[in-house]
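> what would the 3D arrangement of this be:
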Amino acid sequence: MRVIHLIGGGDTGGAKTHVLNLLKELNRYIDARLVCFRKGEFSEDAENMGIPIDVIESGNPIVGLRELKKLIGNQKIDIIHCHGARGNLMGNLIKKYVHAPVVTTVHSDYRLDYLGRPVARLSYGTTNMLALRRVNYYIGVSDPMTDILIERDFPADRIYTIYNGIDFKTPIRTMSREEYFQSLQFPVEDGDVVAGIAARLSPVKDIPTLLRAMKLAAEQNPHLKLVVAGDGEDRQKLLDMAQDLGISQRVCFAGWVSDINSFYHAIDINLLTSISETFPYALTEGARMKRPTIASRVGGVPVLIDDGKNGFIFEPGNEAELAKHLVTLGSSQELRRKMGELLYEKASRDFSIDRMVEHQLEIYESILRRSARREEKKQAGLRDGTIVCGAYGHGNAGDDAILKSIIQSVKQIDEYMPITVLAKNTQSIKKRYRVNSVYTFNLFGMIRAMRHSHLYINGGGTLIQNATSYRSLWYYLFTLRMAKFLGNKVDMYGCGIGPVSGERNIRLVKRVLDRSVDTITLREKDSVQELKSFGVQKPDIILSSDPALILAPAPDEDARLYLERHGLSPDGKYLCFMLRTWYGFSERAQAFAACADYAFEVYGLKPVFLSLNIFHDTEAAKQVCGHMRNPAVILDDRAEPELLISVLAHMSAVISMRLHGLIFSSVSGVPLVGVSYDPKIGSFLDYLHCGTCLDLEDVTAEKLMQATDSAVSLIPEREQLKANANRLKSMERKNIEAVERLLRSETKQ
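Numbers count the residues shown, from 1 in each chain. I've put the predicted structure just below:
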């Protein structure tokens with residue numbers, strides 16, 4: 001594989017470290033060459049590190065393009081990898097000549113790169129923003145950087161994430177602490193605690209907050225001192241500020257530091273105070289020297305720093321919070337040692353140069369395969385892509401579980417399949433699943449996607465019904481008809497059917513499904529009977545089970561930490577309620593409260609209320625808790641479905657109005673009581689062959705207590721209950737088998 005890296009050459013800090021370290025290691029595996037458009041420290045360092053480099057010294061992009069073409073000649077380039085504004089511009093100019101995909105690594109928020117420099121921002125910044133839009137693929141240095149790109153409407157399915165890594169293996173030689181501070185002519189005495197920051201002296205690094213915090217902290221601990229390693233346009237302003245604050249004697253502005261390892265070895269506390277970052281090398285370089293870190297909550301900082309465990313995190317600009325952490329670390333050598341050790345352990349495991357290079361090579365392989373696949377489809381004139389439509393983006397954990405399962409299953413068939421989700425909250429879908437998303441009612445966007453896609457999936461849940469809304473039924477029928485009309489194979493995936501009321505609506509359902517749908521997989525037997533009663537005959541109708549059943553639970557350690565965070569012992573005894581607001585619920589809230597008190601007083605089961613949809617379920621839980629004699633806990637913090645499955649495994653029994661509350665619990669064999677506001681609740685429990693079901697309108701305290709007695713009696717039989725769920729999990733495979741058959745039948749554009 002041959003990759004050419006393009007960069008301006010004036011880069012400093014994290015971007016420089018990332019590119020040089022990456023290229024040095026990449027050349028052990030592939031042919032990676034660097035082209036730099038300025039001669040200077042960057043290019044000299046690259047040469048000294050043995051990196052293959054060419055320098056084109058021209059500020060004129062047209063001249064630079066001509067020289068770049070000469071340099072490349074007839075070489076076959078597999079990937080053009082750009083860094084920074086100049087690299088992005090030249091990558092776009094050369095890509096048609098080279099016929100290779102262009103990827104750019106976004107090292108920082110490009111809107112802040114020229115903060116405080118209006119002319120540069122207008123010229124270089126604008127050029128960069130335009131160039132970025134024409135790049136084929138993107139790499140964000142941290143998940144938050146990737147999220148920023150998604151928020152700004154860069155294509156979510158063409159963005160990768162990588163984290164900076166450094167060498168933890170090679171032994172490092174450093175000056176002694178005394179020698180280093182002598183070289184800076186900065187007096188440090190025994191007992192002094194020196195905090196240090198390595199940063200460019202520019203507004204985005206927010207050194208003023210650090211100086212104000214140092215003044216506050218030094219008032220409580222006079223042994224605190226500060227070294228600022230770096231230079232920039234704000235240097236004089238910061239010197240004056242330190243003087244005005246009366247802390248100039250305890251602050252050293254060291255300028256650019258060439259021996260960064262000696263710097264981190266000499267200090268006691270590592271600092272980062274930026275208002276914007278991706279994943280700064282200052283974190284891992286300090287971690288390599290086992291220095292405890294205090295950092296602002298920006299970018300990927302929380303990925304490495306576990307607040308209060310291996311360091312401290314504060315909100316950007318909050319000097320009081322920063323000062324508090326400085327005093328805490330400054331007052332305890334043992335705490336500094338412990339946090340430094342823990343930070344080193346995590347950083348060396350997860351953020352090494354080896355892991356970064358491995359991930360970069362995986363990204364290159366993915367880009368090449370995706371590009372080749374796209375070209376093959378284009379040359380053959382074949383349609384490509386899958387559209388998934390359902391009740392997504394409404395904050396419901398059950399629907400989230402269905403979507404996650406469908407995406408995972410489609411990716412198992414074809415890892416590089418383009419996926420577009422029709423959803424209410426498109427930003428949330430893009431960030432969580434790294435797929436494209438179109439707003440549910442964006443008709444033109446929907447049609448654009450359907451004109452090129454191969455498969456349309458009406459995904460999971462009970463969408464073909466009008467119990468909640470006639471408009472909902474008509475919408476989903478319309479999308480099915482439109483998808484088929486625009487040339488898609490159409491699949492209804494692990495869904496429920498009904499109830500549908502009204503003869504005209506039933507006839508409409510039959511007509512659309514017979515004309516527009518190729519395959520229907522159903523999650524329980526009652527839905528099969530419902531379709532037969534409608535007279536639907538033409539699609540392949542297959543009994544399967546709910547897609548959410550195949551989601552893998554999160555590690556039990558995560559569930560235990562989640563419970564402890566909410567004041568619950570992971571080994572406690574709990575009765576979990578998953579309720580929702582519905583017609584007639586308020587009149588029965590007191591019955592649920594009586595049941596919760598009964599379970600606590602008779603069986604010692606503490607009531608826990610878990611919200612699968614915080615917009616409806618938390619309100620229902622609060623209504624019930626208002627009638628209770630005993631304390632209860634409400635869990636409503638939008639946990640991921642996999643974590644909820646693991647958390648529910650710690651429950652002794654479950655009473656749920658939520659279908660997916662029952663499904664998540666069944667995976668671990670938890671005894672179940674369903675409260676039905678919709679036939680799907682009873683249908684699932686009947687298909688599962690276990691559990692008690694009560695109709696909401698028939699709920700009384702006595703009936704709930706009897707159902708609780710029955711559930712408690714089944715606690716010793718959890719393994720048998722789990723076996724029932726495993727039977728349904730094996731049936732779920734039929735959902736993806738149906739999709740696989742449809743994807744094999746290629747269709748022309």
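
> could you list the domains of this structure?
2-162, 177-350, 381-550, 560-729 (automatic domain parsing).

> TSV for those domains, including mean pLDDT?
Formatted as TSV, those follow (pLDDT from 0 to 100):
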stretch	mean pLDDT
domain 2-162	89
domain 177-350	94
domain 381-550	94
domain 560-729	95
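
> tell me which of those domains approaches Ser371 most closely.
Ser371 lies closest, by CB to CB, to one member of those: domain 2-162, at 4.7 Å. (Each C-beta comes from the backbone N, C-alpha and C, glycine too.)

> how far does stretch 5-14 sit from the chain's center?
Put simply, stretch 5-14 sits 28 Å off its chain's centre (CA atoms, centre = their mean, to the nearest Å).

> what's in contact with it?
Under the criterion CB atoms under 8 Å, 6 or more residues apart in numbering, residues 19, 23, 32-40, 42-43, 55, 68, 80-87, 90-91, 94, 107-108, 141, 164, 199-200, 278-282 lie in contact with stretch 5-14.

> what's the answer for stretch 403-416, then?
By CB under 8 Å, 6+ apart, stretch 403-416 touches 366, 369-370, 373, 386, 388, 390, 392, 417, 419, 421, 429, 433, 435, 457, 459-460, 493, 547-548, 550-551, 641, 735-736, 739-740, 743.

> reformat the domains of the chain as TSV; add mean neighbour count.
Listed next are these as TSV, based on neighbours: other CB atoms under 10 Å:
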stretch	mean neighbour count
domain 2-162	19
domain 177-350	19
domain 381-550	20
domain 560-729	19
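
> of the contacts of stretch 5-14, which belong to helices?
Among the contacts of stretch 5-14, the members falling in helices (DSSP state H) are 19, 23, 42-43, 68, 84-87, 90-91, 94, 281-282.

> returning to what we had before: out of the domains of the chain, nearest to Phe168?
Using CB to CB, the nearest of the domains of the chain to Phe168 is domain 177-350, at 4.3 Å.

> what distance separates the start and the end of that closest one?
For domain 177-350, the first-to-last residue distance is 28 Å (CA to CA, to the nearest Å).

> Ile313 falls within a helix, correct?
No - with DSSP: H, G, I helix; E, B strand; the rest coil as the criterion, Ile313 is located in strand rather than a helix.

> can you pull the contacts of it?
Residues in contact with Ile313 (CB under 8 Å, 6+ apart) are Ile294, Ala295, Ser296, Arg297, Val301, Pro302, Ile305, Asp307.

> which residue is nearest the centroid of the chain?
For the chain, Arg432 is the residue whose C-alpha lies nearest the centre (CA atoms, centre = their mean; 4.9 Å).

> and it, how far from Val421?
In this view, Arg432 and Val421 are 10 Å apart by CB to CB, to the nearest Å.

> what's the answer for Leu694, then?
35 Å.

> tell me what the helix or strand where Leu531 lies is packed against?
According to DSSP states H and E, Leu531 maps onto helix 525-534. Here helix 525-534 touches strand 489-497, helix 503-516, strand 519-522, strand 540-543, helix 679-688, going by 3 or more CB pairs under 8 Å, 6 or more residues apart in numbering; DSSP states H and E.

> redo the ones you listed as JSON lines? Include distance to Lys722.
Conversion of these to JSON lines gives the following (distance: least, CB to CB, whole Å):
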{"stretch": "strand 489-497", "distance to Lys722": "20"}
{"stretch": "helix 503-516", "distance to Lys722": "35"}
{"stretch": "strand 519-522", "distance to Lys722": "23"}
{"stretch": "strand 540-543", "distance to Lys722": "21"}
{"stretch": "helix 679-688", "distance to Lys722": "11"}
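
> relative to Leu662, which of those is closest?
Counting by CB to CB, Leu662 lies closest to helix 679-688 out of the helices and strands packed on helix 525-534; the figure is 5.9 Å.

> got the contact list for that closest one?
For helix 679-688, the external contacting residues (CB under 8 Å, 6+ apart) are 462, 496, 498-499, 523-527, 545-546, 656-657, 659, 662-663, 666, 672, 674-676, 691-693, 724-725, 728.

> so of those residues, which ones are in strands?
For the contacts of helix 679-688, the ones inside strands are Thr462, Gly496, Ser656, Leu672, Gly674, Val675, Ser676, Thr692, Cys693, with DSSP state E as the criterion.

> can you lay out the residues you listed as JSON lines showing distance to Glu557?
Shown next, in JSON lines, are these (distance: CB to CB, whole Å):
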{"residue": "Thr462", "distance to Glu557": "35"}
{"residue": "Gly496", "distance to Glu557": "34"}
{"residue": "Ser656", "distance to Glu557": "25"}
{"residue": "Leu672", "distance to Glu557": "25"}
{"residue": "Gly674", "distance to Glu557": "30"}
{"residue": "Val675", "distance to Glu557": "32"}
{"residue": "Ser676", "distance to Glu557": "35"}
{"residue": "Thr692", "distance to Glu557": "32"}
{"residue": "Cys693", "distance to Glu557": "34"}
